[in-house]
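1. Here is a sequence with its predicted model. Questions after.
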Amino acid sequence: MSATSRRSLVASPTTSLWPSGRPVWLISLIGLSGGLAALAVPFLPPVLAEAGSPPATPSAVRAQAPTNEPSVPAAMTQTTEATRATEAAEAAKAAGTSRAAASTPPAPSASTTQPAASSTTTAGAPRTAAPERTTSTSTPPSPTFAPVTINATDGGNTRTDVQAVACPTCAAGSRIAYLAGAAGLTVPVTGVAVAGTRTLTILYESDGPRDLYVSVNGGADQHLAGLPGRGDWETPAGTTLRINLKKGSNTLLFHNPVGPAPDLDQFSIR
């Protein structure tokens, strides 16, 4: 190529390539290609990095692969951790108890002879309390006199020259008659719990005033003068006197050494 041709090509290259002028579609295609290249530039580094990264190992694949195991809620995980902590605490407590039991000396054998009232025991053995002695602080009630009623015609009485007479209207249903002079009636009073002065009530029958003498335990007579009666031998009348009785057995003697006495019906001591 001549020098003139080279100069014209350099000065106007497009004229040499496209003598008829540059086509419009070609220019548009070139501009579109440049725009696409500009858009593709930001995506090249990640693509190149991924293309240059080594293949994933099976363990990594397994780590990235989704698992089919169901997910455990956080509350259940906390409960499981609390349960494990409780089990660990119980195991530690059991270990401490085992160590304490191992360090405690054994209890004495059941065959060991000890006093029955002994309360001394070794560590870990049950404490045996000494038997308590029960002392009664209550005092027995004081004895009291029991009232007594005796019929004049009772079989335990001693009759001397007197006679029992039936009397349906009398308190005892009968009476002792003909009490005069050397005659007498002795009445025993037994089982007296406590000594003391008591009241003797005498029921009698008489048709008019009569005297009666009473002796206690062989002592001096007490004179009951002028007992009036009810005016007949069928209706009871009564009189009283104070007598002293000793504890145990006593005797009462009824008589009138100087004259007739009223008929005797019944005696009451209170």
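-> Happy to help now that I have it. Note that the structure is predicted; figures quoted are calculated from it, not measured.
2. does the closest residue to residue 152 other than its chain neighbours have beta-bridge partners, and which?
-> Leaving aside its sequence neighbours, residue 152 sits nearest to residue 264 (C-beta to C-beta, 6 or more residues apart in numbering; 4.0 Å). Heads up, the C-betas are built off the backbone N, CA and C, glycines and all. According to DSSP bridges, the partner residues bridging residue 264 are residue 176, residue 204.
3. In contact with residue 264, which residues?
-> By C-beta atoms under 8 Å, 6 or more residues apart in numbering, the contact list for residue 264 reads 152, 175, 176, 179, 185, 202, 203, 204, 254.
4. how much space is there between the fourth one and residue 165?
-> When distances are taken as C-beta to C-beta, to the nearest Å, residue 179 and residue 165 turn out to be 11 Å apart.
5. what about those two, which has more around it?
-> residue 179 (26 against 15; other C-beta atoms under 10 Å).
6. ok, and the closest non-adjacent residue to that one?
-> Nearest to residue 179 is residue 261, by C-beta to C-beta, 6+ apart, at 4.2 Å.
7. you'd agree the one you found is up against residue 255?
-> Yes - using C-beta atoms under 8 Å, residue 261 is in contact with residue 255, at 6.9 Å.
8. Would you state the strands of the stretch 101-250 of the chain in chain order?
-> Assigned by DSSP state E, counting those that start in this stretch, the strands in the stretch 101-250 of the chain fall at 148-151, 158-160, 163-166, 174-177, 184-192, 196-206, 210-216, 222-227, 232-245, 248-255.
9. Turn these into TSV, columns for distance to residue 139 and mean pLDDT.
-> Below are those laid out as TSV (distance: least, C-beta to C-beta, whole Å; pLDDT from 0 to 100):
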stretch	distance to residue 139	mean pLDDT
strand 148-151	26	97
strand 158-160	40	97
strand 163-166	47	97
strand 174-177	44	98
strand 184-192	22	97
strand 196-206	20	98
strand 210-216	32	98
strand 222-227	37	97
strand 232-245	25	97
strand 248-255	23	98
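10. hey, which of those is tucked in deepest?
-> Across these, averaging neighbours per residue (mean count of other C-beta atoms under 10 Å) puts strand 174-177 on top, at a mean of 23.
11. can you dump the C-alpha coordinates of that one into CSV?
-> Written as CSV, here are the backbone C-alpha positions of strand 174-177 (Å, rounded to 0.1, in the frame of the first residue of the first chain):
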residue,chain,number,x,y,z
SER,A,174,-95.0,-54.2,164.4
ARG,A,175,-93.8,-52.9,167.8
ILE,A,176,-92.1,-53.8,171.1
ALA,A,177,-94.4,-53.7,174.1
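12. helices and strands around that strand, which ones?
-> Packing partners of strand 174-177 (3 or more C-beta pairs under 8 Å, 6 or more residues apart in numbering; DSSP states H and E): strand 163-166, strand 263-269.
13. Bridged to residue 212, which residues?
-> Counting by DSSP bridges, the residues bridging with residue 212 are residue 224.
14. and if you look at the one 4 residues further on?
-> Partner residues in beta bridges with residue 216: residue 252, with DSSP bridges as the criterion.
15. ok, it - contacts?
-> Contact partners of residue 216, counting by C-beta under 8 Å, 6+ apart, are 222, 243, 244, 245, 250, 251, 252, 253.
16. Isn't residue 179 up against residue 259?
-> No - when contacts are counted by C-beta under 8 Å, residue 179 is not listed as touching residue 259 (10.2 Å).
17. separation between residue 201 and residue 185?
-> In this view, residue 201 and residue 185 are 16 Å apart by C-beta to C-beta.
18. Thanks again, I'm all set now.
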